[in-house]
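> Predicted model and sequence follow; I will ask about them next.
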Amino acid sequence: MLEELGWDAGWAARADGPGTPARVLRADGGRAVLATGHGDLRVDAAGRALVTGDWVTYQPGGTDGVDGTVLSRLPRRTELVRGAGGRAAARQVLAANVDLVLVLVSLAAPPSAARLDRLLAVAWDSGATPVVVLTKADLAAGTADAERDEVAETALGTPVVLTSAVDGRGLPELGRLLRPGRTAVLLGVSGAGKSSLLNALAGTAVAATGAVGRTGRGRHTTTARELTVLPGRGLLLDTPGLRGVQLWEADGGLDAAFADLVELAERCRFRDCRHAGEPDCAIAAAIADGTVSARRVASHAALRREVGWLRERYDARLRAEQRREWRRLSRAVRSGRRSRPRPAR
Ligand SMILES: Nc1nc2c(ncn2[C@@H]2O[C@H](COP(=O)(O)OP(=O)(O)OP(=O)(O)O)[C@@H](O)[C@H]2O)c(=O)[nH]1
Ligand SMILES: [Mg+2]
Ligand SMILES: [Zn+2]
């Protein structure tokens, strides 16, 4: 049944071309595994850039080792995007058509508020709804509730669920956020407990889980982004631990993650107030009277700078590519002119 995979009238209206609709469970190197509603199928992506969660249409048949060929990719409803690739700013789509972004934060070590800010901005920017999931509550000896309150302050406006894959805490609460046809992606650093949570919710070991080193960091056990269908309950998309998350033009996501600050800043005297000592600054006043934390304000400013920086790099690269393309075209035109025979009279 396609509905179990998230199919609905909206998708049906967009898949009016030829081929049969199916959802991408996994995509790698020109191939993809599709869930068809009656079994999985290995297909040739036919040159299309597919990511896990995409809806496609396909037709049976193909060459070496595949059972079908993709005909089209349906326009995505949501896209989880990060900047990647350091100097050569690039846009990487991590997952498509997800409804919920579960941002996992382990309580085995003190959570990093800066990292959470960053993950939440990426999550908000996707168009899906973020939920913070605190994992390994069993390791946060006695202080788990206090940690939850602290994280709730960082994640202002985002629900926070306290869980443990070991003692089962919070799993029913998390289960209630899922439903058949709804897709949730698991996001977080290596060792955060993404695959363990997937297994706990599935009730069986569908994904391999890893060891955690003495530093508390994971070992990158999961290596591919993969969608798992929990029959009658929903879909979970497990991802490899993110080494770093750059924001990708996530201004919208940033504004959502820091909605309280954005609203406050409207009351600053200057429209372009940088909240760095300007007179009648509402943010400075709120820090002074303790209604907002200076840490959040600094984090917001730093992430905004990063978005601006990434965009500049990307624009510069785009301009360079356009120049190269223009040179290539004009060379082609010139040589075409030379070799074209004169029109006969
Ligand atoms: N005590 C405890 N340990 C947990 C819990 N959840 C996960 N772990 C352990 O944490 C380690 C890492 O868990 P994984 O589920 O592999 O983490 P991951 O986020 O999938 O990591 P990558 O695949 O590397 O990105 C494993 O040794 C798990 O057994 C939990 O709720 N409590
Ligand atoms: Mg994993
Ligand atoms: Zn200000």
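Cool, the structure landed. From a predicted model like this one, the values you see are computed outputs, not experimental measurements. Ligands and ions are numbered 1, 2, ... in the order given.

> Only C-alpha atoms from now on, for both contacts and neighbour counts.
Will do.

> so where's this structure shaky on pLDDT?
Within the chain, the set of residues satisfying pLDDT under 70 comprises 84-89, 141-142, 211-218, 244-251, 309-311, 313-314, 316-317, 336-345.

> quick one, helices of it?
Counting by DSSP state H, the chain has helices at residues 9-14, 113-125, 144-154, 171-177, 194-202, 251-257, 259-265, 282-288, 294-339.

> Can you give me the domain boundaries for the chain?
2-73, 79-238, 258-292 (automatic domain parsing).

> In JSON lines: the ones you listed, plus mean neighbour count.
Putting the domains of the chain into JSON lines (neighbours: other C-alpha atoms under 10 Å) gives the following:
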{"stretch": "domain 2-73", "mean neighbour count": "18"}
{"stretch": "domain 79-238", "mean neighbour count": "19"}
{"stretch": "domain 258-292", "mean neighbour count": "15"}
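
> Ligand 2 is nearest to which of those domains?
Closest of the domains of the chain to ligand 2 is domain 79-238, at 4.0 Å (criterion: C-alpha to the ion).

> which neighbours does the strand of greatest length in the chain have in its sheet, and in what orientation?
In the chain, with assignment by DSSP state E, the single longest strand is strand 20-28. Sheet pairing here is set by DSSP bridges, and for strand 20-28 it gives strand 31-35 (antiparallel), strand 55-60 (antiparallel).

> Quick one: closest of those strands to residue 136.
strand 31-35 (31.6 Å; C-alpha to C-alpha).

> who in the stretch 201-345 of the chain is up against ligand 2?
Counting by C-alpha under 5 Å from the ion, the residues of the stretch 201-345 of the chain close to ligand 2 are residue 222.

> one step back: pull the residues that contact the longest strand of the chain.
2, 5, 15, 32-37, 50-59, 224-228 (C-alpha atoms under 8 Å, 6 or more residues apart in numbering).

> of the residues you listed, list those near ligand 3.
Okay, of those, nothing touches ligand 3 (C-alpha under 5 Å from the ion).

> Those residues also near ligand 1: which ones?
Among the contacts of strand 20-28, no residue is within reach of ligand 1 (C-alpha under 6 Å from any ligand atom).

> list the contacts for residue 283?
Residues near residue 283 by C-alpha under 8 Å, 6+ apart: 261, 264-265, 268, 275, 292.

> now, the most widely separated pair of those residues?
268 and 292 (14.6 Å).

> What would stretch 107-118 look like as CSV? C-alpha coordinates only.
What follows is stretch 107-118, C-alpha atoms only, in CSV (Å, rounded to 0.1, in the frame of the first residue of the first chain):
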residue,chain,number,x,y,z
LEU,A,107,22.6,12.9,27.7
ALA,A,108,25.7,10.6,28.3
ALA,A,109,27.7,13.8,28.2
PRO,A,110,26.7,17.4,28.8
PRO,A,111,24.9,18.5,25.7
SER,A,112,26.3,21.3,23.5
ALA,A,113,23.9,24.2,23.2
ALA,A,114,25.8,25.6,20.2
ARG,A,115,25.5,22.4,18.3
LEU,A,116,21.8,22.1,19.2
ASP,A,117,21.2,25.7,17.9
ARG,A,118,22.9,24.7,14.6
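
> Need the residues that contact it.
Identification of contacts with stretch 107-118 by C-alpha under 8 Å, 6+ apart yields 103, 105, 134-137, 139-140, 144, 147, 151, 154-155, 216, 245-247, 257, 299, 303.

> Report the contact partners of the residue minimising distance to the centre of the chain.
Residue closest to the mean C-alpha point of the chain, counted by C-alpha atoms, centre = their mean, is residue 80 at 2.9 Å. Counting by C-alpha under 8 Å, 6+ apart, residue 80 makes contact with 93-96, 98, 122-123, 125-126.

> Now with 10 Å, please.
Neighbouring residues of residue 80 by C-alpha atoms under 10 Å, 6 or more residues apart in numbering: 92-98, 101, 122-128, 185, 248.

> likewise residue 175?
201-202, 233-234 are the contacts of residue 175 under C-alpha under 10 Å, 6+ apart.
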